[in-house]
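Participant: What follows is a predicted structure for the sequence shown.
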Amino acid sequence: MIVTIAICVYDRFHNIEHFFECFEKCDKTNTEVVIIHNHDTEDLRYPQICEQYGAIYIRRPNIGFDIAAMQDVCRNRLNGFPENWQRLLWLADDAIIMAYDFVQQFNKAMRKGVGVACMEISPYVRNHIRSSGFMIDRPIAERLKFPADPITTKQQCFQFEHRARSGTFYDQIKKMGLTIVQVEPKQTSPLWDTGYHRRLDRKAEHERKFGDHKYSDKVLIICPIYKSYPAIISSLIMQTHQNWHLMLIHDGPDTENVSSQVPDDPRITFMETPKHGGCWGHYIRQTALHLFHDKADYIIVTNPDNFYAPPALAYMIKVFETHPSAIATYFSQIIHSYTNWKVMNCRLEQGFIDCGGVMVRAEVAAAVPWESISDHSADWFWFQDIINKYGAGRFQKVEGVVFVHN
């Protein structure tokens, strides 16, 4: 029997990229992969990577989140989905492969009388099947009922998963006289939901098995440059947290051939704009945030001559992990050239915080555009807009003098 692995994604392209990198190392016998892209805007990276790895790409309107996409599959109305599918392994895009034989482990659990084999039967709210990873056969899937048809709201998704008094996914399988099995205890499950890393952190285990630092939180560093070598490179290469991507964007044509001095590192991208815009590169920051926010988990907007001590990125990410509601982290103190290289105490006020010392969640960078391009303090105005939207209490300080503004 062919297992159809369906992954629903919105805009976290690097999660899909990482899935394929890991899946290449796995037992792919009798499997096919479908990427369901819940997005209204075309993004050529998704069909291109699907073509590269021999997967099926389907873009559907961004209505009803992942449960609506699942509903379309169960109702056999998702255009492009394999017509003859028989067994479905449904994954959210933040479900990470933890075993080379993960498909076979799910298959083995689908013995007689089992309606669903899942990554986790969660006790939170009430016992329910975590929709981030489960296997189901077509005859069972076609019998499922949903709170609405079509699903359009997050509340309806929650009702299907765990909030309805009766008729949840879990309830329906039980009422069919079938059992629900958890493939393995969550500590040894062949899949791990990275969205729940605060309850269970298996990052190090994943990296040992699948190599590099491919999963660990990715940091995008946006850095306008102009006619000078970006000294920031050396301090990033020395970071203890190595999963970063530096986007160097030259303000106008690279007439000084700065690009030839940039190391050949796959984590560094060099770009140039058609013409010089000036204004401290703020228009570059504005455009880059709009175009590239979905390439990482966190974003730093910085300058080419700034310096980060080796643990800087790791310190910032650690604060996000210990404060789950944080939308930004910033250094409590920095060394600043404007103060004759003295240590400066930072606070959320204009003139007392530097953009290079702030890390922002990527989804926040997507939700709050960089509006000002003509004022030297445009970075502060961006932070102020974020504060107005989310509140200053969701900015968390990072202790340690590990950043130098040159």
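Facilitator: Yep, it's here.
Participant: quick one: contacts of the strand or helix carrying V73?
Facilitator: Secondary structure from DSSP states H and E places V73 in helix 65-74. Applying C-beta atoms under 8 Å, 6 or more residues apart in numbering, the set of residues contacting helix 65-74 from outside is 6, 8, 36, 38, 60, 64, 78, 81, 85, 88, 90, 92, 131, 141-142, 144, 146, 149-152, 154, 156-157, 160-161. All C-beta spots, glycine's among them, are computed from the backbone N, C-alpha and C.
Participant: Pull that helix out as CSV, backbone CA atoms only.
Facilitator: Output of helix 65-74 as CSV, limited to C-alpha atoms (Å, rounded to 0.1, in the frame of the first residue of the first chain):
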residue,chain,number,x,y,z
PHE,A,65,-6.1,26.6,8.2
ASP,A,66,-4.7,23.0,8.2
ILE,A,67,-8.0,21.4,9.3
ALA,A,68,-9.8,22.8,6.3
ALA,A,69,-7.1,21.4,4.0
MET,A,70,-7.5,18.0,5.8
GLN,A,71,-11.3,18.3,5.3
ASP,A,72,-10.8,18.8,1.6
VAL,A,73,-8.7,15.7,1.4
CYS,A,74,-11.3,13.7,3.4
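Participant: Centre of the chain to the helix or strand that comes right after that helix, how far?
Facilitator: Helices and strands here follow DSSP H and E; after helix 65-74, the next one along the chain is strand 87-92. Between the centre of strand 87-92 and the centre of its chain there are 19 Å (C-alpha atoms, centre = their mean, to the nearest Å).
Participant: Which strands or helices does strand 87-92 pack on?
Facilitator: Judged by 3 or more C-beta pairs under 8 Å, 6 or more residues apart in numbering; DSSP states H and E, the packing partners of strand 87-92 are strand 3-9, helix 65-74, helix 102-109, strand 133-137, helix 138-141.
Participant: Just read off the phi/psi values of V358.
Facilitator: Per-residue torsions, V358: phi -130, psi 130 (degrees, to the nearest 10).
Participant: which residues does it bridge with?
Facilitator: Beta bridges link V358 to Y330, judged by DSSP bridges.
Participant: Which residues are in contact with it?
Facilitator: 300-301, 328-330, 383.
Participant: List just the nearest of these to M316.
Facilitator: Among those, T329 lies closest to M316 (C-beta to C-beta), at 4.6 Å.
Participant: Is that closest one in contact with E321, as I believe?
Facilitator: No: at 10.3 Å, T329 does not count as touching E321 under the criterion of C-beta atoms under 8 Å.
Participant: Looking at those two, which one has more neighbours?
Facilitator: T329 (22 against 13; other C-beta atoms under 10 Å).
Participant: Would you tell me which helix is longest in this structure?
Facilitator: The residue-count maximum for a helix in the chain (DSSP state H) belongs to helix 378-390.
Participant: W341: neighbour count?
Facilitator: 12.
Participant: Oops, could you answer that again for S377 instead?
Facilitator: 15.
Participant: hey, where'd the helices end up in this structure?
Facilitator: 13-23, 45-53, 65-74, 102-109, 138-141, 154-158, 169-175, 203-210, 232-237, 282-292, 312-322, 362-367, 378-390.
Participant: and of those, who's closest to V116?
Facilitator: Comparing those by C-beta to C-beta, helix 169-175 comes nearest, at 5.3 Å.
Participant: quick one: L89 from K186, how far?
Facilitator: 17 Å (C-beta to C-beta, to the nearest Å).
Participant: got it, and V398?
Facilitator: With distances taken as C-beta to C-beta, V398 is found 30 Å from K186.
Participant: between those two, which one's more packed in?
Facilitator: When V398 and K186 are compared for neighbours, V398 comes out ahead with 22 against 19, by other C-beta under 10 Å.
Participant: quick one, strands of the stretch 201-350 of the chain?
Facilitator: Counting by DSSP state E, counting those that start in this stretch, the stretch 201-350 of the chain has strands at residues 219-225, 244-250, 268-272, 298-301, 307-308, 328-331, 333-336, 342-345.
Participant: Reformat those strands as TSV; add mean pLDDT.
Facilitator: Output for these, formatted as TSV (pLDDT from 0 to 100):
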stretch	mean pLDDT
strand 219-225	94
strand 244-250	94
strand 268-272	93
strand 298-301	95
strand 307-308	96
strand 328-331	97
strand 333-336	94
strand 342-345	93
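Participant: Mind checking those for the one nearest to D193?
Facilitator: Across the strands of the stretch 201-350 of the chain, closest to D193 is strand 298-301 (C-beta to C-beta), at 19.2 Å.
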